[in-house]
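Asker: I need the structure of the sequence given here:
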Amino acid sequence: MDDLDPVIHAPARLRLVATLAALRRGEEISFPKVQQLLGMTAGNLSTHVRKLEDAGYVDVVKTHSGRKPVTYLSLTVVGRRAFEDYTAALDDLLRGAGA
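Answerer: Numbering: from 1, shown residues only. Modelled structure (predicted):
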């Protein structure tokens with residue numbers, strides 16, 4: 001369990017990172033779309049996004065569509081690598097590797 005990144009390991013953040021990892025490199029998704037996909041409140045999602053952003057795993061871009069503010073999320077290169085490492089460590093744990 002020590003190899004599992006604690007920033008990603010929280011269930012809500014794991015779901016968020018997995019959702020963003022499903023995007024192609026360079027793609028982004030709107031905050032409301034992620035909120036809808038994950039069934040999270042804006043406040044809860046925002047808290048988890050901030051934690052991932054602080055770790056350098058998620059890029060947050062705030063812009064406007066007309067007069068309406070829009071926030072887009074994407075996984076950074078560091079975040080994608082962290083997720084790959086996390087899933088590899090989880091796979092090892094599930095297979096009993098290193099035990």
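
Asker: who's in contact with the longest helix that the chain contains?
Answerer: Secondary structure assigned by DSSP state H gives helix 77-95 as the longest helix of the chain. With C-beta atoms under 8 Å, 6 or more residues apart in numbering as the test, helix 77-95 has contacts from 1, 3-5, 7-9, 14, 17-18, 20-21, 25, 52, 55-58, 75, 97-98. C-beta: built from backbone N, CA, C; applies to glycine.

Asker: recalculate using a threshold of 7 Å.
Answerer: 1, 3-5, 8, 17, 21, 52, 56-58, 98 (C-beta atoms under 7 Å, 6 or more residues apart in numbering).

Asker: buried residues, it. List them.
Answerer: 79-80, 82-83, 86-87, 89-90 (16 or more other C-beta atoms under 10 Å).

Asker: and these as CSV, adding distance to Thr41?
Answerer: Shown next, in CSV, are the buried residues of helix 77-95 (distance: C-beta to C-beta, whole Å):
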residue, distance to Thr41
Gly79, 22
Arg80, 26
Ala82, 25
Phe83, 23
Tyr86, 25
Thr87, 27
Ala89, 30
Leu90, 27
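
Asker: may I have the phi/psi pair for Tyr57?
Answerer: Tyr57 adopts backbone torsions of phi -90, psi -30, taken as degrees, to the nearest 10.

Asker: I'd say it and Leu73 touch.
Answerer: No: here Tyr57 does not reach Leu73: they are 10.5 Å apart, not a contact under C-beta atoms under 7 Å.

Asker: the two: who's more crowded?
Answerer: Tyr57 (25 against 22; other C-beta atoms under 10 Å).

Asker: and that one, what does it touch?
Answerer: Taking C-beta under 7 Å, 6+ apart as the test, what Tyr57 contacts is 7, 17, 75-76, 78-79, 82.

Asker: let's have these in a markdown table, adding distance to Gly66 and pLDDT.
Answerer: Formatted as a markdown table, these follow (distance: C-beta to C-beta, whole Å; pLDDT from 0 to 100):
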| residue | distance to Gly66 | pLDDT |
| --- | --- | --- |
| Val7 | 35 | 97 |
| Val17 | 31 | 98 |
| Leu75 | 27 | 97 |
| Thr76 | 28 | 97 |
| Val78 | 33 | 97 |
| Gly79 | 30 | 97 |
| Ala82 | 35 | 97 |
